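1. What follows is a predicted protein model with its sequence.
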Amino acid sequence: MSIEAEFVTSAASAADLPRDGLPEIALVGRSNVGKSSLINALVRQRIARTSATPGKTRLVNIYRVARGGGAPVYLVDLPGYGWARGDTREFDELTRAYFTRARDNGSACGHARPHIAALLLVDARHPGLPLDRAAWAWIERTVEGRAVVATKIDKLARGRRAGAMREFEAVFRHPVLPASAVAGEGLKDLWILIDRLATHTRGSR
Ligand code: GDP
């Protein structure tokens, strides 16, 4: 299936975010969890910058993506959390502002109301990290469309994967989709999930 993807902007504040009402699928997770790699794997090009040194940028990177000639969506790469030692907050101000703008403003100020779903990315090797639990609890309270993706599944031996997924699902009380940007596993299912979340957010307009 053909995929068109383009970088739109790096937003430093909520004022710089898109206002055209396209569905937004926002990827959040700890720094280094593999957000940029997953975006690149999904769109099959190096559109997002990956790095081995986490936590440098505090920007919201936004990509417009259309698959198979379908309706476009935004893939949104939010700042990673937990990168500073002693940082015990699940999300920074920018991420909170990003998600809560869906409730707080929108049509009231003449712009199309943003439609946002959250994909929480967690490292397949580390079920139940306190910051990931806190992030999910916050997302559950705040964002209607949401799902959990376990990244870097290639790093887990095959025989350990089912058990790890059960552990995750017990922690989050929600299905968890295993994926690997390196091995390409789970990407088809992830697109199905993204399409479903996008359709749902469109439908709630
Ligand atoms: P981000 O900070 O969440 O955007 O993380 P990056 O995408 O920059 O990835 C952080 C590191 O993890 C990089 O060294 C990547 O090569 C590595 N990485 C990302 N995804 C995968 C994956 O699916 N499998 C493996 N083995 N490594 C990955």
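-> Right, received. Where do you want to start? Numbers count the residues shown, from 1 in each chain.

2. element containing the spatially closest residue to residue 70 that is not a sequence neighbour?
-> Nearest non-adjacent residue to residue 70, counting by Cβ to Cβ, 6 or more residues apart in numbering: residue 195, 7.8 Å away. Every C-beta, even on glycine, is put in place using the N, C-alpha and C of the backbone. Residue 195 belongs to helix 187-203 when elements are defined using DSSP states H and E.

3. other SSEs contacting that helix?
-> Contacts defined by 3 or more Cβ pairs under 8 Å, 6 or more residues apart in numbering; DSSP states H and E place helix 187-203 against strand 23-29, helix 35-43, strand 73-77, strand 115-123, strand 145-151, strand 176-178.

4. Including mean neighbour count, mean pLDDT and distance to residue 200, could those go into TSV?
-> TSV is the format used below for the helices and strands packed on helix 187-203 (neighbours: other Cβ atoms under 10 Å; pLDDT from 0 to 100; distance: least, Cβ to Cβ, whole Å):
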stretch	mean neighbour count	mean pLDDT	distance to residue 200
strand 23-29	25	96	8
helix 35-43	22	95	18
strand 73-77	23	95	12
strand 115-123	24	96	7
strand 145-151	23	97	5
strand 176-178	20	98	16
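
5. lowest confidence element among the helices and strands of this structure?
-> Averaged element by element with mean pLDDT, DSSP states H and E, the chain has its least confident helix or strand at helix 93-104 (a mean of 80).

6. Now do that one and strand 23-29, the angle between them.
-> Between helix 93-104 and strand 23-29, the angle comes out at 150 degrees (axes from the mean of the first three to the mean of the last three Cα atoms, to 10 degrees).

7. just to revisit the earlier point, count the residues that sit near the residue nearest to residue 70.
-> Look at residue 195: counted by other Cβ atoms under 10 Å, it has 17 neighbours.

8. Quick check: the gap between the residue nearest the centre of the chain and residue 65.
-> Centroid-nearest residue in the chain: residue 27, 1.2 Å away (criterion: Cα atoms, centre = their mean). As judged by Cβ to Cβ, to the nearest Å, residue 27 and residue 65 stand 12 Å apart.

9. Common neighbours of these two, please.
-> residue 75 (Cβ atoms under 8 Å, 6 or more residues apart in numbering).

10. And the ligand, is the helix holding residue 195 touching that?
-> No. For helix 187-203, no contact with the ligand is found by Cβ under 6 Å from any ligand atom; the gap never falls below 10.1 Å.

11. Now that helix: buried residues?
-> Residues of helix 187-203 classed as buried by neighbour count (16 or more other Cβ atoms under 10 Å): 187, 190-191, 193-195, 197-198, 201.

12. can you list those in a markdown table and add pLDDT and distance to residue 100?
-> Shown next, in a markdown table, are these (pLDDT from 0 to 100; distance: Cβ to Cβ, whole Å):
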| residue | pLDDT | distance to residue 100 |
| --- | --- | --- |
| 187 | 98 | 30 |
| 190 | 98 | 25 |
| 191 | 97 | 27 |
| 193 | 97 | 23 |
| 194 | 97 | 22 |
| 195 | 95 | 25 |
| 197 | 96 | 18 |
| 198 | 94 | 20 |
| 201 | 80 | 15 |
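
13. The ligand: which of those residues is nearest?
-> Within the buried residues of helix 187-203, proximity to the ligand (Cβ to the nearest ligand atom) peaks at residue 187, which comes in at 10.1 Å.
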